[in-house]
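*Asks:* my questions concern the predicted model and sequence given below.
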Amino acid sequence: MAISDLWEKMLGIGSGWFVLVVLACAVCGLRARRPETARSKPSSSGEGESTENTSSQNTSPFDWWSVGPRITLASLKVFVTALLLVELLGLAAPEEDVLTLPEIIRRVRAHPYGKNPELGFLSGFTVADAQLLPHLTYLFMPNLNDSTADSYAAVFSVLRASLLASWCTFLALPSSWASSWACFLWGAAVYVVMASLIIMYIPCYDSHATCFFLVAACMVPSLETSQRSQAWLGKFLLVSLLAPFYLSAGVSKLRYGGWASMLSGSWLKPILAATVDRSIFPGLNTWLSQSTWAPAMMSFGVLSAEFWLPVLVLYTASSSTNFSRWLRTCWILLVALFHVVCWALVGPNFVRQIALLMLSSYSVWHPTDSTDKDVIEGSRTRAWLCRVGYAVVLLMLWLCNQFWSDIDHIRGATAQESYHDMLWPVGELSMYVVPSASSNYVRSLFLEIVIASLICLRIHFDVSQPTLDKGAT
């Protein structure tokens, strides 16, 4: 219903008509963009990078994070365009639509917490899960009630209009990234706030990665001119966001479902049978739920997409060989196929994730030239510390969230047959599996320790290797 209100009433013309404005701005901006050769010039936005060959300015951790997949300003604009189309057209349905926050506030007129059966937003979540969920709506709407709901909705309607205006300006501007960065920054800030509040009302996982990526993009105002910044954003998307996101989902399935269930595919049969009415191909659901070998094959594909391949992608994160490039590409395409099949047979819609996956696929095949890389000047070391720190902290956050779940289950802080999902800022990603008396949390904790140790040791080994200067032999 909120999406219907968005289509019919947003800005007085409906969100569908605004799609034409977004497309026009994107076309104008992409056609008027500066030549690609400009990206190798020193940044004029205050980034403070140069192309001099000064070995004393090379810092190994920075080099590790700034070599590899590259996201250009043009590809970022294409992603923002796709994201706006998804939100304006409601293509993420039945999942949450970030731009519908004002409509949801007008309809609910209350905070989405507690045991009020009329709200029903936390159906399917146990009491333990509800206690972990941060009450963000109290921070942004402290006195939300029936008498103030319209006022808060009006405020977020204005913020939504400013988001659309600022991002359309960002898309249309033909000038350098420095002149349009403020527009992108404001739009990203509003989007992240609205997406975070939407998660409180409609518990979902599909907007987390988008929000983290937008925050990262705000940290590189020199994206148009600096190859190092482009590579950092590309590597952040792959190593700190997509790979640990799907690895978390795979670990959660193994935690609650168990290895036997995952290898046999028995965990899929009740899901396929229960979603026959929702499926685009109900006959296929029925056949799959009754088959003996098809669920096992599908489960192997899920394990590959959410466990085996993410581990390999993280372990080979510093590699620039053709093998690693094809490995990342095959994994990205497999995950995209996984989302399409889930949408067709089960229902969840992760279209925002598909947009991020396609952006990462583009970056994988447009890597940074490590022999012609910007050198970080001393005045910009702090900015790069913030970027690398953000990437490392986010990677650790995904892993530590899984540790936390197992440790709380083992020590009894969370019941054996209960999820441990705070949902924000990162979720447990325990979709399609149900905790049971047979869930082995000690085994999953040991598995997580092994994976985290392997990844950390590999990164430490790569970072500790000497870096050759430009032109060295």
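*Replies:* All right, it came through fine. Keep in mind the model is a prediction, meaning the values are calculated, not measured.
*Asks:* show me where the stretch 251-400 of the chain has its strands.
*Replies:* Assigned strands in the stretch 251-400 of the chain, in chain order: 375-376 (criterion: DSSP state E, counting those that start in this stretch).
*Asks:* where are the low-confidence patches of it?
*Replies:* 369-379 (pLDDT under 70).
*Asks:* with the stretch 1-150 of the chain instead?
*Replies:* 1-15, 33-60, 114-131.
*Asks:* which parts of the chain belong to which domain?
*Replies:* 1-32+96-203, 55-73+223-366+377-468 (automatic domain parsing).
*Asks:* would you turn those domains into a markdown table with mean neighbour count and distance to Leu89?
*Replies:* (Glycine included, C-beta is placed from N, CA and C.) Converted to a markdown table, the domains of the chain look like this (neighbours: other Cβ atoms under 10 Å; distance: least, Cβ to Cβ, whole Å):
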| stretch | mean neighbour count | distance to Leu89 |
| --- | --- | --- |
| domain 1-32+96-203 | 17 | 6 |
| domain 55-73+223-366+377-468 | 18 | 10 |
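*Asks:* quick one: these as TSV, columns for distance to Val215 too.
*Replies:* What follows is those, written out as TSV (distance: least, Cβ to Cβ, whole Å):
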stretch	distance to Val215
domain 1-32+96-203	6
domain 55-73+223-366+377-468	8
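*Asks:* wait, which of the ones you listed is closest to Thr210?
*Replies:* domain 55-73+223-366+377-468 (5.0 Å; Cβ to Cβ).
*Asks:* for the domains of the chain, which one sits closest to Leu214?
*Replies:* Closest approach to Leu214 among the domains of the chain (Cβ to Cβ): domain 1-32+96-203, 4.1 Å.
*Asks:* closest one to Glu87 among the domains of the chain?
*Replies:* If you check each of those against Glu87 by Cβ to Cβ, domain 1-32+96-203 wins as the nearest, at 4.6 Å.
*Asks:* would Ala93 count as being in a helix?
*Replies:* No. Applying DSSP: H, G, I helix; E, B strand; the rest coil, one finds Ala93 to be coil, outside a helix.
*Asks:* ok, it - how many residues close by?
*Replies:* Ala93 is flanked by 13 other residues according to other Cβ atoms under 10 Å.
*Asks:* helices along the stretch 1-150 of the chain, start to end?
*Replies:* For the stretch 1-150 of the chain, the helices defined by DSSP state H, counting those that start in this stretch occupy 2-9, 15-31, 60-65, 73-89, 101-108, 127-132, 136-140, 149-172.
*Asks:* could you dump those to CSV with distance to Ala260?
*Replies:* Below are these laid out as CSV (distance: least, Cβ to Cβ, whole Å):
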stretch, distance to Ala260
helix 2-9, 41
helix 15-31, 47
helix 60-65, 38
helix 73-89, 38
helix 101-108, 41
helix 127-132, 25
helix 136-140, 38
helix 149-172, 47
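*Asks:* out of these, the one nearest Ser363 is which?
*Replies:* Closest to Ser363 of the helices of the stretch 1-150 of the chain, according to Cβ to Cβ: helix 73-89, at 7.1 Å.
*Asks:* and that closest one, C-alpha only, in CSV?
*Replies:* Output in CSV follows, covering the C-alpha atoms of helix 73-89 (Å, rounded to 0.1, in the frame of the first residue of the first chain):
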residue,chain,number,x,y,z
LEU,A,73,32.8,8.0,-11.7
ALA,A,74,30.8,7.0,-14.7
SER,A,75,30.1,3.5,-13.3
LEU,A,76,29.0,5.1,-10.0
LYS,A,77,26.6,7.3,-11.8
VAL,A,78,25.1,4.3,-13.6
PHE,A,79,24.7,2.6,-10.2
VAL,A,80,23.0,5.6,-8.7
THR,A,81,20.6,5.7,-11.7
ALA,A,82,19.7,2.1,-11.3
LEU,A,83,19.2,2.5,-7.6
LEU,A,84,16.8,5.5,-8.2
LEU,A,85,14.9,3.5,-10.7
VAL,A,86,14.5,0.6,-8.3
GLU,A,87,13.2,2.9,-5.6
LEU,A,88,10.9,5.0,-7.8
LEU,A,89,9.3,2.1,-9.6
